[in-house]
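J.: below are the sequence and a predicted model; questions follow.
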Amino acid sequence: MTSGTARDTRQFLIDQVLLDPQRGANASLKKPLSHISGERVHRPVIYVGMATCGRIAGADKTHAAIQEYLQDSGSDVDLVEGGCVGLCTEEPLVDVQLPGKARLSFSRVTADKVQTLLDDMLNDNLPSLPLLGQYKNPIVQQWDQVPFVEEHPFFAQQHRMLLEHCGVIDPVSAESYIAKGGYWAFADTISRHTPDQVCDIITRSSLAGRGGGGFPTGKKWAAALKAVSDQKYFVCNAFESDPGSHMNRTIIESNPHRLIEAVLIGAYAVGASKAYIFIREEFTLAVERLEKALGQAREVGLVGHHIFDSGVNIELEVKKGARAFVCGEETALISSIEGKRAMPSSKPPYPSQKGLWNKPTIVNNVETLFNVPLIMKNGVEWFRSAGTENSKGTKLFTLSGSLCYTGTAEVPMGMSFKDIIHKIGGGMATDKDFKAIVLGINSGSFITEETLDTRLDFEEMKKTGASLGSGAFVVLDQNVCMVDLARFFTAYFQKESCGKCIPCREGTARMLEVMENVTRKPDKEKSFQTLERFKGVMQLKSLASVISETSLCSLGKSSPNAILNVLKYFKEEFDAHIFERKCAANVCTDLKDFFIDVDACTGCTACFKKCPVDAIIGSPRYPHFIVQDKCIGCGICYDVCKFNAVIVK
Amino acid sequence: MEIDTAQIFQKFPNRRREDLIPILQSTQDIHGFLSEEIVNAVADYLEISANKIYGVATFYDNFRFGPVGRYHFRLCHGTACHVAGAATLLKELEKLLNVSDRETDKKGLFSLEVVNCVGACGLAPLIEINDQFYTNITLDKLKDLVGSIRDKENSTL
């Protein structure tokens, strides 16, 4: 496309689409829009799924190979660096769309398969390569005997509202986003609704914060709108620091324009003239695409001064945040933007009254905001039709662990966890049995065999003592030791504690000490230390309750959750670690017992010399023996033995 | 190595407190780490004491105060990687490279950093060496990787 026609396209989209409220009814728009959005193409188009997860799986190399192929063959083909459909297990994904034909999606296209793929595809033949399927598209001819992507088990049970364009459109093209219905809601919002009405619509939709808290978004906005101030701020929290979740990054990389539109609507609703998207610095691709998209939005005239002659001014800036887990907390995030250490402050005053530079500030999570343009465009009833009585809409999860299909999935509220595993996740990937689902470190909640039938619903989950968390969804099998996992979570909180309040700073350190004593052998323990250890275990529960009740911020408050939940659901496993000093999953290596097989031992003295605690006795050329009381389970003897004479039990 | 801080400061003409983290980020991007001279220069420019700048910089995990090795290893240790065995990999890696977390060896060859979550949980456990990702890592794969790097280094000597 030359720059002249590009400018024409843009102007056409502004005049005929964005500024015309009757656009939906105008049938003559359908054809040009289907061209701009890429549903109809003049020449072959190749999309490579190049979000971060795709790149890690090797999409970079695939892309380079395609580029080389196209250069060598001189074919007239468009190559697009696309987003991610969410199915990580099948990456790298390459989609090919031929003129007049439905778009095909090929899975696991490594660089060496590019030649076969393009040789066949560009000659109108279907190559015999693993195929995810074809996309449904009524305006073009479908391929015979090719399944639909929408019917793939991973996608069939999802309710894709937030992910609708992810992996399908060119993420950094404002034109294709507008042609797909993007920015329509924002253009209508500023011309037809007052900020009051927007807050009211969002309140009626029952949209709740998806960052973990579940606070009603509309109420939060209304509070900030009512606050009297010469300056207000709107901040999008794109920090996503909880390990095991990367769905926010994926949707930003796959559809950055949606986030920009949402932030603009939000800023308008609360009367903020300055908005920030606070994103983790390491999300380099997301930052790059977001900045590019922001530049385009500015060119179209959607950001800045006097937007579309409406008198509305919204300035938007992408802020790269330095790494600290606590930045996910809104008050800590505000301190970080101000250039200070990211330490939370006590609430109230809430940021909606006194936030960034003491001005009213709204902080919303990416996923929450992604819902906003959809609600504004399709209406409250449409949004409320998905979900349960108490929880509306959908929830994004990053599925990982022992599942057949892993990746980013959008689950309608009300689906049971069992269904998420079996219907969307394709069941367990290993032959080991299911043990638990971990819903992120910051919630510390587990879904176990007993609670597997719980439905995805804020209220229903509260009853079982779990909280929805950030969106991490790690499925564990019997190979995982829950006590070790609780220790890992505690170590994580201890490391990431900002150090401001004592319960979290000192409490997590003490909890970690107790957990470490449980998961390893007493190291030359004196008798009174054994007592100390038991005392620690006995007091673990009360320590945990003090931390959760008295910590300053929500992260500190949730730090003991994992331990409490392990004590609740996996008490037997915990007891086995304490009393029998056994780890059934064989993860806590420090608890292992080492023995020497007298028949295999040659008496080479290698282990005798290396043992750090002199627990091995014996004479040269005669079998040796390990004194169990002295052994600390370090495993050095096992490593140095050349005759496989050391046995682990 | 001399660093032209003035060029970076140009981008932040307002000398505001909120510019502190972006300035530190851009200097580290160019220089690789924050040296004493850099911190002092930033302190002069923003009129904040160097103590306070260290206070902020040490709070965040991504600021470094020494150079990384020629091979910078980043091991992901999020939940998904942990249950897939990242703890064992970390122990092994520390042994193989002879450095611990956030350390660089004396020759400046290897450095190691444990990160919370890279965000590719479906491909866990994974490791990044100088921006190149290696997924579904096992102990054997790890040994091979380090071995091949060592071989390459020895042959070029």
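T.: Looks like it came in fine.
J.: and the pLDDT at residue 1?
T.: By default, I'm working from chain A. The predicted local distance difference test score for residue A:1 is 44.
J.: not quite, I wanted chain B
T.: pLDDT recorded at residue B:1 is 52.
J.: cool, residue B:153 as well?
T.: Listed pLDDT for residue B:153 reads 88.
J.: next: residue A:157.
T.: With respect to pLDDT, residue A:157 scores 93.
J.: equivalent analysis for the one 5 residues further on, please.
T.: Per-residue confidence for residue A:162 comes out at a pLDDT of 94.
J.: am I right that it falls within a helix?
T.: No: remark: residue A:162 does not belong to a helix; assigned using DSSP: H, G, I helix; E, B strand; the rest coil, it is coil.
J.: now name the helix or strand holding the closest residue to it other than its chain neighbours.
T.: Counting by CB to CB, 6 or more residues apart in numbering or on different chains, residue A:162 lies nearest to residue A:370, which is 4.5 Å off, once chain neighbours are set aside. Any C-beta I mention is one placed from the backbone N, CA and C, and that applies to glycine too. The secondary structure element spanning residue A:370 is helix A:366-378 (assigned by DSSP states H and E).
J.: would you mind giving the domain segments of the chain?
T.: Going with chain A. Per automatic domain parsing, the domain ranges recorded for chain A read A:32-149, A:182-384, A:394-480, A:483-580, A:592-648.
J.: I was after chain B.
T.: When chain B is cut into domains by automatic domain parsing, you get B:5-59, B:71-156.
J.: deepest of the ones you listed, which one?
T.: Comparing the domains of chain B by mean neighbour count (mean count of other CB atoms under 10 Å in any protein chain shown), domain B:71-156 comes out on top with a mean of 19.
J.: can that one be said to contact chain A?
T.: Yes: legend: contact between domain B:71-156 and chain A by CB under 8 Å from any CB of the partner chain is shown at B:77-80, B:82-83, B:87-88, B:115-124, B:126, B:133, B:135.
J.: buried set for the lengthiest helix in chain A?
T.: With residue count as the measure and DSSP state H as the assignment, chain A has helix A:527-550 as its longest helix. Of the residues in helix A:527-550, A:533, A:536, A:537, A:540, A:543, A:544, A:547, A:548 count as buried by neighbour count, 16 or more other CB atoms under 10 Å in any protein chain shown.
J.: buried stuff in stretch A:547-567?
T.: Along stretch A:547-567, the positions that meet the burial threshold by neighbour count (16+ other CB under 10 Å) are A:547-548, A:551-567.
J.: where are the low-confidence patches of chain B?
T.: When the per-residue scores of chain B are filtered using pLDDT under 70, the ranges that remain are B:1-3, B:157.
J.: in it, which residue is closest to the centre?
T.: Closest to where the C-alpha atoms of chain B average out (CA atoms, centre = their mean) is residue B:113, at 5.9 Å.
J.: quick one, the helix or strand residue A:261 falls within and helix A:366-378 angle?
T.: Following DSSP H and E, one finds residue A:261 within helix A:256-270. Between helix A:256-270 and helix A:366-378, the angle formed by their directions is 80 degrees, by axes from the mean of the first three to the mean of the last three CA atoms, to 10 degrees.
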